[in-house]
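A.B. asks: how does the following fold in three dimensions:
(one chain, ligands or ions: 2)
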Amino acid sequence: MQNDIKQVLYTEEQILKRVSELAADIKNDYEGESILMVGILRGAVMFYADLVREMDMQLHMNFMAVSSYGASSQSSGVVRIQYDLDEDITGKNVIIIEDIVDSGLTLAYLTKTLKSRNPKSLKTCCLFDKKERRRVDFKADYVGFDVPDVFIVGYGLDYAENYRNLRYIGELKPEVYE
Ligand code: IMP
Ligand code: MG
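C.D. replies: Ligands and ions are numbered 1, 2, ... in the order given. Sure thing, here's the model as predicted:
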């Protein structure tokens, strides 16, 4: 598995340090409130688990699973919800926890969908942001790292469902996916 990695971009230590900073920012912004943390399966699981354990406050955990309809590069912006929330979010402070924003299509769709369910507030938190790849205007509220336009894996992020269990974030060798 390690042989497919061109270089390590973020070590486990660097990731955990940034995750605890994000947890502190969120905790600070929601003083005295409770939060529903909505993790997007499966990429966000490692980030999610580390983030919530750094937050010393009342919060609820729930999950959704989505996939880009049509797959690959030419997504139409239609995102399919494979597994929806099993609770009503009306009047709740919701934060969507996602691994990475790329074109922005997934989160633009998800925020639109969840907003229509009348939460008290809705924000997004992403560990990685590939800003230069944006196809729709979308800005996350909390971002861990801005990353260049290279394909990254590990810490929950996959290529063809592999590499999610790496402890670090690595740049995948192009020959693996070309
Ligand atoms: P978007 O709708 O284009 O913003 O897509 C976001 C999704 O694309 C993420 O949830 C990831 O599943 C996937 N993705 C985008 N870039 C990468 C990457 O570098 N590594 C792994 N997955 C990625
Ligand atoms: Mg994903």
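A.B. asks: residue boundaries of the helices in the protein?
C.D. replies: Counting by DSSP state H, the chain has helices at residues 12-29, 45-53, 105-115, 174-177.
A.B. asks: tell me, how many residues neighbour the residue nearest to residue 137 when sequence neighbours are not counted?
C.D. replies: Of all residues not flanking residue 137 in the chain, residue 104 sits nearest, at 7.3 Å (Cβ to Cβ, 6 or more residues apart in numbering). Backbone N, C-alpha and C define where each C-beta goes, glycine included. By other Cβ atoms under 10 Å, 20 other residues sit near residue 104.
A.B. asks: ditto for the one 4 residues further on
C.D. replies: Here the neighbour count serves as a burial measure; for residue 108 (other Cβ under 10 Å) it reads 19.
A.B. asks: could you check how far it is from ligand 1?
C.D. replies: Using Cβ to the nearest ligand atom, to the nearest Å, residue 108 is found at 8 Å from ligand 1.
A.B. asks: surely that residue touches residue 140?
C.D. replies: No: the pair residue 108 / residue 140 is not scored as a contact, 10.7 Å apart, by Cβ atoms under 8 Å.
A.B. asks: mean pLDDT lowest for which of the helices of the chain?
C.D. replies: Comparing mean pLDDT over the helices of the chain, the weakest stretch is helix 174-177, at a mean of 92.
A.B. asks: and the one residue sitting closest to the centre of the chain, bridged to which residues?
C.D. replies: Centrality entry for the chain: nearest residue to the mean C-alpha point is residue 98, 1.4 Å, by Cα atoms, centre = their mean. On the basis of DSSP bridges, residue 98 is bridged to residue 126.
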